[in-house]
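**Student:** Need a 3D model of the following:
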Amino acid sequence: MGFLDNIKSALGGGGGRLDVAKTYQLDRHSFTGTMSKFRVGTKIGTRDRYGIKFIDQEKLDYFEDRFKGLNKPPEGEIAMKFDHPRIVKTLEYGQTTTGQQYILMEYLDGPGLDLVIRERNPDVIPHQLTLIRHMAQALMEVHSQGFIHRDVCPRNFICSKDLTGLKLIDFGLTLPDEPPYRMPGNRTGTPQYMAPEIVRRRQTDQRLDLFAFGVTAYRLLTFEHPWGSTDHSGTAALAHDTKPMIDIREHRPNLDPQLIKAVHKCLAVKVEERMDTFKRFLAGIGRITSADVK
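**Tutor:** Sure, this is the predicted structure:
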């Protein structure tokens, strides 16, 4: 029996359908994602805790209908390809005894980055540079495995309790970085973080993740949006190439110039002018030891 088989046997997956009620005690709270609901499950017998994502089949079918004939890998298969310290560990995926698709993952006991930003939590300020590096490292791994995440935003990062680290979660909109999946028209993602080429139905590539990452890093550093918008509808994304971005120095004038330059370059409207890889981004901020100039 191999390593993954041992995990599945220990967790109760066993290659068959998962009987959730007999295997886990689910926390009464649920969290709604783009195409799923997330629950915390305590394993009956061991009391170990896991994160369980239950897929909304109707939303999934609507999303995947546009990729008919492309043999698109399911989210669970994509998620299990990643074995990286900055990415949530996916343990198994399959169907429950009621026919619902699920993904089982490690339990992350910490706040979402979106909550940290919304609450303007001052405790995160000393760790902002580290968290930005962690986000870039996670996304560099996604790209190196041949995928485009397509929904980079604070909601999809979970911080450690002490806010000194984070992990990337959720691959519900992730697609292979291949020509058929880069075609214009796939306007999926979170509007406030969408690159202009998505909104304008143009060809896309991995650089759309760099743009969304830039918005996320800007928000982490300032607790504000680059375009000053509080609109969460699709209309918000129209400003990303029609309204000037607010220079990050207006919020944080003492930020390190190299960090400012790197974040601003991620937010370039024209794809050819944008930061092109996370490796290059990390190299650009490699010598920085603090977000603010001492």
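**Student:** Now the residue nearest the centre of the chain. Nearest residue, chain neighbours left out?
**Tutor:** The centroid of the chain falls nearest to Asn156 when counting by CA atoms, centre = their mean (3.8 Å). Distance criterion CB to CB, 6 or more residues apart in numbering; nearest residue to Asn156, sequence neighbours excluded, is Asp170 at 4.6 Å. Every residue, glycine included, has its C-beta placed from N, CA and C.
**Student:** Ramachandran coordinates for that neighbour?
**Tutor:** phi 70, psi 110 (degrees, to the nearest 10).
**Student:** so who does it touch?
**Tutor:** Listed by CB atoms under 8 Å, 6 or more residues apart in numbering, the contact partners of Asp170 are 33-34, 53, 151, 155-156.
**Student:** where exactly do the strands run in the stretch 1-150 of the chain?
**Tutor:** Listed in chain order, the strands of the stretch 1-150 of the chain (DSSP state E, counting those that start in this stretch) span 24-32, 36-43, 49-55, 90-95, 101-106, 147-148.
**Student:** So which of those is nearest Phe63?
**Tutor:** Closest of the strands of the stretch 1-150 of the chain to Phe63 is strand 49-55, at 10.4 Å (criterion: CB to CB).
**Student:** How many neighbouring residues does the spatially closest residue to Arg202 that is not a sequence neighbour have?
**Tutor:** Leaving aside its chain neighbours, Arg202 sits nearest to Pro184 (5.4 Å; criterion: CB to CB, 6+ apart). When neighbours are counted by other CB atoms under 10 Å, Pro184 registers 12.
**Student:** same question, the one 4 residues further on
**Tutor:** Here the neighbour count serves as a burial measure; for Thr188 (other CB under 10 Å) it reads 15.
**Student:** And the pLDDT for it?
**Tutor:** If you check Thr188, the pLDDT there is 79.
**Student:** Can you give me the end-to-end span of stretch 124-132?
**Tutor:** Using CA to CA, to the nearest Å, one end of stretch 124-132 lies 11 Å from the other.
**Student:** Show me what that stretch is in contact with.
**Tutor:** 113, 116, 157, 159, 163-166, 217, 220-221, 259, 285, 288-291.
**Student:** contacting residues for Lys53?
**Tutor:** 33, 36-38, 102-105, 170 are the contacts of Lys53 under CB under 8 Å, 6+ apart.
**Student:** Kindly report the same for Ala268.
**Tutor:** Ala268 neighbours (CB under 8 Å, 6+ apart): 211, 274-275.
**Student:** so Thr277 sits right up against Leu139, yeah?
**Tutor:** No - judged on CB atoms under 8 Å, Thr277 makes no contact with Leu139 at a distance of 9.9 Å.
**Student:** So for those two, which residues contact both of them?
**Tutor:** Joint contacts of Thr277 and Leu139 (CB under 8 Å, 6+ apart) do not exist.
**Student:** which of the two has more neighbours?
**Tutor:** Per other CB under 10 Å, whichever of Thr277 and Leu139 has more neighbours is Leu139, with 26 against 16.
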